[in-house]
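S.K.: One predicted model, sequence on top.
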Amino acid sequence: MSVRTGTAPGFLARTRETTMQATERIRTMLALALGLASSASAAAGRIGETAWGRLALYYDAAGAPRVEHTPQPLLLPFVTQVLPANPYGSDALAFGVPDAPQPAGVRGQAISFLFYAQDYFGQNPAAHIAVLLKGRWAFDDPATAAREGELSGRGIVIGDVSARPDGCPTARTAQVESFWKTGNALFPATCSTPLRDNAWYRVLILASNARGITYQISDPDGATVYANHAMHDPGAHIDEALGGWAILQVFESVRAPTWRLWFDDVRTWWY
(Lines give C-alpha, C1' and ligand atoms only; values in the text may rest on other atoms or scores of the structure.)
Protein backbone atom coordinates (compact mmCIF):
# COMPACT_ATOMS: atom_id res chain seq x y z
CA MET A 1 0.00 0.00 0.00
CA SER A 2 1.20 3.54 -0.63
CA VAL A 3 0.10 7.13 -0.53
CA ARG A 4 -1.66 8.12 -3.70
CA THR A 5 0.55 10.02 -6.13
CA GLY A 6 -2.23 11.61 -8.16
CA THR A 7 -5.46 13.43 -7.39
CA ALA A 8 -8.67 12.66 -9.23
CA PRO A 9 -10.10 15.66 -11.10
CA GLY A 10 -12.82 17.25 -9.00
CA PHE A 11 -16.54 17.01 -9.69
CA LEU A 12 -19.65 17.76 -7.65
CA ALA A 13 -20.71 15.38 -4.88
CA ARG A 14 -24.12 15.04 -6.50
CA THR A 15 -22.44 13.27 -9.41
CA ARG A 16 -22.23 10.06 -7.42
CA GLU A 17 -25.89 10.31 -6.47
CA THR A 18 -27.06 10.88 -10.03
CA THR A 19 -24.79 8.06 -11.19
CA MET A 20 -26.91 5.49 -9.39
CA GLN A 21 -30.18 7.05 -10.53
CA ALA A 22 -29.16 7.31 -14.16
CA THR A 23 -27.61 3.84 -14.20
CA GLU A 24 -30.90 2.31 -13.04
CA ARG A 25 -32.77 4.09 -15.82
CA ILE A 26 -30.20 3.34 -18.52
CA ARG A 27 -29.75 -0.31 -17.55
CA THR A 28 -33.50 -0.93 -17.61
CA MET A 29 -33.83 0.69 -21.02
CA LEU A 30 -30.92 -1.19 -22.55
CA ALA A 31 -31.89 -4.53 -21.04
CA LEU A 32 -35.36 -4.20 -22.49
CA ALA A 33 -33.92 -3.20 -25.86
CA LEU A 34 -31.78 -6.33 -25.84
CA GLY A 35 -34.76 -8.50 -25.02
CA LEU A 36 -33.07 -9.57 -21.82
CA ALA A 37 -35.96 -8.84 -19.51
CA SER A 38 -39.73 -9.01 -19.75
CA SER A 39 -40.29 -6.17 -17.32
CA ALA A 40 -38.53 -3.20 -15.80
CA SER A 41 -38.43 -4.94 -12.43
CA ALA A 42 -36.65 -7.94 -13.94
CA ALA A 43 -34.13 -5.66 -15.65
CA ALA A 44 -33.42 -3.86 -12.38
CA GLY A 45 -31.93 -6.94 -10.68
CA ARG A 46 -28.20 -6.88 -10.00
CA ILE A 47 -26.65 -10.22 -9.17
CA GLY A 48 -23.27 -10.31 -7.44
CA GLU A 49 -22.70 -6.57 -7.75
CA THR A 50 -19.15 -5.51 -6.86
CA ALA A 51 -18.03 -1.92 -6.25
CA TRP A 52 -14.39 -1.69 -7.31
CA GLY A 53 -13.81 1.95 -6.38
CA ARG A 54 -11.42 4.15 -8.36
CA LEU A 55 -8.68 3.36 -10.88
CA ALA A 56 -5.93 5.52 -12.34
CA LEU A 57 -3.94 4.17 -15.29
CA TYR A 58 -0.67 5.91 -16.18
CA TYR A 59 3.10 5.64 -16.69
CA ASP A 60 5.49 6.74 -13.96
CA ALA A 61 8.61 8.89 -14.33
CA ALA A 62 10.68 5.80 -15.18
CA GLY A 63 8.30 4.86 -17.99
CA ALA A 64 6.82 1.89 -16.13
CA PRO A 65 3.08 1.15 -16.48
CA ARG A 66 1.12 1.57 -13.28
CA VAL A 67 -2.43 1.15 -12.01
CA GLU A 68 -3.57 2.90 -8.83
CA HIS A 69 -6.54 1.18 -7.22
CA THR A 70 -8.49 2.88 -4.43
CA PRO A 71 -11.15 0.40 -3.26
CA GLN A 72 -13.08 2.92 -1.13
CA PRO A 73 -12.26 6.43 -2.40
CA LEU A 74 -14.94 8.08 -0.25
CA LEU A 75 -13.87 6.39 3.00
CA LEU A 76 -10.11 6.08 2.44
CA PRO A 77 -9.28 8.62 -0.27
CA PHE A 78 -5.55 8.72 0.41
CA VAL A 79 -4.79 5.02 0.73
CA THR A 80 -4.22 3.45 -2.64
CA GLN A 81 -2.69 0.20 -3.80
CA VAL A 82 -0.22 0.86 -6.61
CA LEU A 83 -0.16 -2.17 -8.88
CA PRO A 84 2.17 -3.10 -11.70
CA ALA A 85 -0.07 -2.84 -14.76
CA ASN A 86 1.65 -5.84 -16.28
CA PRO A 87 3.50 -8.54 -14.27
CA TYR A 88 6.21 -8.52 -16.95
CA GLY A 89 6.78 -4.78 -16.69
CA SER A 90 5.77 -3.59 -20.15
CA ASP A 91 2.98 -3.20 -22.66
CA ALA A 92 -0.70 -2.79 -21.76
CA LEU A 93 -2.12 -1.11 -18.70
CA ALA A 94 -4.84 -3.38 -17.34
CA PHE A 95 -7.16 -3.98 -14.40
CA GLY A 96 -9.96 -6.48 -13.88
CA VAL A 97 -10.67 -10.15 -13.28
CA PRO A 98 -8.62 -12.20 -15.77
CA ASP A 99 -10.62 -15.40 -15.54
CA ALA A 100 -13.85 -16.36 -13.79
CA PRO A 101 -16.85 -18.58 -14.50
CA GLN A 102 -20.23 -17.12 -15.27
CA PRO A 103 -22.73 -17.94 -12.49
CA ALA A 104 -25.67 -20.15 -13.32
CA GLY A 105 -29.01 -18.64 -14.23
CA VAL A 106 -27.85 -15.22 -15.45
CA ARG A 107 -28.42 -13.62 -18.84
CA GLY A 108 -25.39 -11.38 -19.10
CA GLN A 109 -22.80 -9.15 -17.45
CA ALA A 110 -22.66 -5.37 -17.00
CA ILE A 111 -20.18 -2.69 -15.99
CA SER A 112 -20.63 1.00 -15.19
CA PHE A 113 -18.09 3.69 -14.36
CA LEU A 114 -17.23 7.38 -14.55
CA PHE A 115 -14.44 8.08 -17.06
CA TYR A 116 -12.00 11.00 -17.32
CA ALA A 117 -9.14 11.25 -19.83
CA GLN A 118 -6.64 13.64 -18.28
CA ASP A 119 -4.63 15.04 -21.23
CA TYR A 120 -4.72 11.54 -22.73
CA PHE A 121 -6.21 11.79 -26.21
CA GLY A 122 -4.12 14.78 -27.27
CA GLN A 123 -0.83 13.10 -26.33
CA ASN A 124 -1.71 9.63 -27.60
CA PRO A 125 -3.51 10.02 -30.93
CA ALA A 126 -3.33 6.31 -31.86
CA ALA A 127 -4.07 4.89 -28.39
CA HIS A 128 -7.30 3.35 -27.22
CA ILE A 129 -8.95 1.75 -24.21
CA ALA A 130 -10.71 -1.61 -24.33
CA VAL A 131 -13.44 -2.53 -21.86
CA LEU A 132 -14.51 -6.16 -22.11
CA LEU A 133 -17.04 -8.36 -20.32
CA LYS A 134 -17.81 -12.09 -20.33
CA GLY A 135 -14.26 -12.95 -21.26
CA ARG A 136 -10.79 -14.05 -20.34
CA TRP A 137 -7.44 -12.30 -20.63
CA ALA A 138 -3.80 -12.87 -19.77
CA PHE A 139 -0.46 -11.22 -20.46
CA ASP A 140 2.22 -12.95 -22.47
CA ASP A 141 5.51 -13.75 -20.71
CA PRO A 142 8.27 -12.50 -23.03
CA ALA A 143 10.79 -14.84 -21.37
CA THR A 144 9.08 -17.98 -22.67
CA ALA A 145 8.67 -19.34 -26.16
CA ALA A 146 5.04 -20.27 -25.51
CA ARG A 147 2.25 -17.79 -26.11
CA GLU A 148 0.38 -17.24 -22.83
CA GLY A 149 -1.32 -14.03 -23.89
CA GLU A 150 -5.07 -14.13 -24.45
CA LEU A 151 -7.90 -11.66 -24.93
CA SER A 152 -11.51 -12.62 -25.50
CA GLY A 153 -14.85 -11.10 -24.56
CA ARG A 154 -17.34 -8.46 -25.65
CA GLY A 155 -17.53 -4.75 -24.91
CA ILE A 156 -16.35 -1.44 -26.35
CA VAL A 157 -13.22 0.40 -27.40
CA ILE A 158 -12.60 4.08 -26.59
CA GLY A 159 -10.10 6.10 -28.60
CA ASP A 160 -8.74 5.95 -32.13
CA VAL A 161 -9.28 2.87 -34.29
CA SER A 162 -9.71 4.84 -37.52
CA ALA A 163 -6.85 2.97 -39.20
CA ARG A 164 -9.04 -0.12 -39.47
CA PRO A 165 -11.63 -0.35 -42.26
CA ASP A 166 -14.34 -1.20 -39.72
CA GLY A 167 -13.17 1.41 -37.21
CA CYS A 168 -14.87 4.74 -36.56
CA PRO A 169 -13.52 7.26 -39.10
CA THR A 170 -13.47 9.99 -36.44
CA ALA A 171 -10.87 9.61 -33.71
CA ARG A 172 -11.60 9.82 -29.97
CA THR A 173 -14.89 7.95 -30.08
CA ALA A 174 -16.35 4.82 -28.51
CA GLN A 175 -17.43 1.79 -30.54
CA VAL A 176 -18.69 -1.73 -29.87
CA GLU A 177 -15.95 -4.34 -30.20
CA SER A 178 -16.02 -8.10 -29.89
CA PHE A 179 -12.68 -9.54 -28.84
CA TRP A 180 -12.47 -12.86 -30.65
CA LYS A 181 -9.72 -15.38 -30.00
CA THR A 182 -8.88 -15.27 -33.71
CA GLY A 183 -9.12 -11.50 -34.16
CA ASN A 184 -11.26 -8.58 -33.05
CA ALA A 185 -14.44 -7.37 -34.72
CA LEU A 186 -15.54 -3.72 -34.73
CA PHE A 187 -19.08 -2.62 -35.54
CA PRO A 188 -19.14 0.64 -37.57
CA ALA A 189 -22.81 1.34 -36.83
CA THR A 190 -22.01 1.88 -33.13
CA CYS A 191 -19.62 4.87 -33.29
CA SER A 192 -20.30 7.45 -30.59
CA THR A 193 -20.04 11.19 -30.91
CA PRO A 194 -16.46 12.49 -30.37
CA LEU A 195 -15.12 12.45 -26.82
CA ARG A 196 -12.66 14.95 -25.40
CA ASP A 197 -9.90 15.25 -22.86
CA ASN A 198 -10.54 16.59 -19.36
CA ALA A 199 -14.26 15.89 -19.21
CA TRP A 200 -16.21 13.40 -17.10
CA TYR A 201 -18.39 10.79 -18.81
CA ARG A 202 -20.59 8.11 -17.35
CA VAL A 203 -20.40 4.77 -19.21
CA LEU A 204 -22.67 1.72 -19.02
CA ILE A 205 -22.01 -1.49 -20.99
CA LEU A 206 -24.02 -4.72 -21.18
CA ALA A 207 -23.01 -8.01 -22.81
CA SER A 208 -25.57 -10.79 -23.04
CA ASN A 209 -25.34 -14.56 -23.39
CA ALA A 210 -27.22 -14.11 -26.68
CA ARG A 211 -24.12 -12.29 -28.04
CA GLY A 212 -25.70 -8.86 -27.61
CA ILE A 213 -23.55 -5.81 -26.82
CA THR A 214 -24.83 -2.34 -26.02
CA TYR A 215 -23.55 0.77 -24.28
CA GLN A 216 -24.49 4.30 -23.30
CA ILE A 217 -22.36 7.35 -22.54
CA SER A 218 -23.78 10.30 -20.63
CA ASP A 219 -22.46 13.31 -18.79
CA PRO A 220 -22.36 13.28 -14.97
CA ASP A 221 -25.77 14.96 -14.79
CA GLY A 222 -27.37 12.13 -16.74
CA ALA A 223 -27.77 13.86 -20.11
CA THR A 224 -27.14 11.31 -22.87
CA VAL A 225 -24.04 11.88 -24.98
CA TYR A 226 -24.52 8.72 -27.02
CA ALA A 227 -26.58 5.52 -26.84
CA ASN A 228 -26.42 2.70 -29.37
CA HIS A 229 -29.05 0.09 -30.08
CA ALA A 230 -28.32 -3.52 -29.23
CA MET A 231 -25.60 -4.92 -31.50
CA HIS A 232 -25.59 -8.66 -32.11
CA ASP A 233 -22.19 -10.31 -32.56
CA PRO A 234 -22.71 -12.73 -35.46
CA GLY A 235 -19.70 -14.86 -34.58
CA ALA A 236 -19.77 -17.62 -31.96
CA HIS A 237 -16.06 -17.09 -31.29
CA ILE A 238 -16.24 -16.63 -27.51
CA ASP A 239 -17.00 -19.10 -24.75
CA GLU A 240 -20.30 -17.85 -23.31
CA ALA A 241 -19.51 -19.45 -19.93
CA LEU A 242 -16.69 -16.97 -19.24
CA GLY A 243 -17.04 -14.29 -16.59
CA GLY A 244 -13.81 -12.30 -16.62
CA TRP A 245 -13.70 -8.56 -17.31
CA ALA A 246 -11.07 -5.92 -17.95
CA ILE A 247 -10.23 -2.28 -18.55
CA LEU A 248 -7.10 -2.11 -20.72
CA GLN A 249 -5.11 0.70 -22.37
CA VAL A 250 -2.84 0.05 -25.38
CA PHE A 251 -0.83 1.75 -28.15
CA GLU A 252 0.10 4.90 -26.25
CA SER A 253 2.61 7.31 -27.79
CA VAL A 254 3.86 8.85 -24.54
CA ARG A 255 5.13 6.73 -21.65
CA ALA A 256 5.55 9.51 -19.11
CA PRO A 257 3.51 10.91 -16.18
CA THR A 258 1.99 13.66 -18.32
CA TRP A 259 -1.42 12.00 -18.70
CA ARG A 260 -3.76 9.75 -16.72
CA LEU A 261 -6.92 7.76 -17.26
CA TRP A 262 -9.39 7.86 -14.38
CA PHE A 263 -12.20 5.37 -13.81
CA ASP A 264 -14.34 6.17 -10.79
CA ASP A 265 -17.24 4.34 -9.15
CA VAL A 266 -16.43 1.18 -11.14
CA ARG A 267 -19.14 -1.46 -10.67
CA THR A 268 -19.73 -4.87 -12.23
CA TRP A 269 -22.72 -7.17 -11.90
CA TRP A 270 -24.71 -9.93 -13.53
CA TYR A 271 -28.34 -9.67 -14.62
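M.R.: Here it is on my side, so go on. Numbers count the residues shown, from 1 in each chain.

S.K.: From now on I want contacts and neighbour counts done on CA atoms only, so please keep to that.
M.R.: Will do.

S.K.: Quick check: residue 217 is in a strand.
M.R.: Yes: if the criterion is DSSP: H, G, I helix; E, B strand; the rest coil, then residue 217 is within a strand.

S.K.: Nearest residue to it in space, please, no chain neighbours.
M.R.: Counting by Cα to Cα, 6 or more residues apart in numbering, the nearest residue to residue 217 once its immediate chain neighbours are dropped is residue 203, at 4.6 Å.

S.K.: Repeat that for residue 199.
M.R.: Distance criterion Cα to Cα, 6+ apart; nearest residue to residue 199, sequence neighbours excluded, is residue 116 at 5.7 Å.

S.K.: For residue 212, which residues are in contact?
M.R.: 34, 206, 230, 231, 232, 233 (Cα atoms under 8 Å, 6 or more residues apart in numbering).

S.K.: pretty sure the residue nearest to residue 217 belongs to a helix, no?
M.R.: No: read with three-state DSSP, residue 203 is strand and lies in no helix.

S.K.: isn't it right up against residue 110?
M.R.: No: here residue 203 lies out of contact with residue 110, judged by Cα atoms under 8 Å, at a distance of 10.6 Å.

S.K.: what's the spacing between stretch 152-166 and its chain's center?
M.R.: 12 Å (Cα atoms, centre = their mean, to the nearest Å).

S.K.: ugh, typo on my part, it should be stretch 199-212
M.R.: The answer for stretch 199-212 is 8 Å, by Cα atoms, centre = their mean.

S.K.: Show me what counts as buried in that stretch.
M.R.: Judged by neighbour count (16 or more other Cα atoms under 10 Å), stretch 199-212 contains these buried residues: 200-212.

S.K.: In those, find the pair that's most separated.
M.R.: By the measure Cα to Cα, 200 and 210 form the most distant pair in the buried residues of stretch 199-212, at 31.1 Å.

S.K.: For the stretch 151-271 of the chain, which segments are assigned as strands?
M.R.: Under the criterion DSSP state E, counting those that start in this stretch, the stretch 151-271 of the chain contains strands at 173-180, 183-186, 200-208, 212-218, 224-227, 231-232, 244-250, 260-270.

S.K.: Distance across stretch 200-217, terminal residue to terminal residue?
M.R.: End-to-end span of stretch 200-217 (Cα to Cα, to the nearest Å): 10 Å.

S.K.: what's the answer for stretch 221-235, then?
M.R.: End-to-end distance for stretch 221-235, by Cα to Cα: 36 Å.

S.K.: can you pull the buried residues of that stretch?
M.R.: Buried positions in stretch 221-235, judged by neighbour count with 16+ other Cα under 10 Å: 221, 222, 225, 226, 227, 228, 230, 231, 232, 233.

S.K.: could you dump these to CSV with pLDDT?
M.R.: Output for the buried residues of stretch 221-235, formatted as CSV (pLDDT from 0 to 100):
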residue, pLDDT
221, 77
222, 77
225, 87
226, 89
227, 85
228, 75
230, 72
231, 83
232, 86
233, 87
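
S.K.: and those as JSON lines, adding distance to residue 153?
M.R.: Below are those laid out as JSON lines (distance: Cα to Cα, whole Å):
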{"residue": "221", "distance to residue 153": "30"}
{"residue": "222", "distance to residue 153": "28"}
{"residue": "225", "distance to residue 153": "25"}
{"residue": "226", "distance to residue 153": "22"}
{"residue": "227", "distance to residue 153": "20"}
{"residue": "228", "distance to residue 153": "19"}
{"residue": "230", "distance to residue 153": "16"}
{"residue": "231", "distance to residue 153": "14"}
{"residue": "232", "distance to residue 153": "13"}
{"residue": "233", "distance to residue 153": "11"}
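
S.K.: List just the nearest of those to residue 192.
M.R.: Comparing the buried residues of stretch 221-235 against residue 192 with Cα to Cα places residue 226 closest, at 5.7 Å.

S.K.: Show me the helices in the stretch 1-150 of the chain, by range?
M.R.: For the stretch 1-150 of the chain, the helices defined by DSSP state H, counting those that start in this stretch occupy 14-33, 40-43, 120-123.
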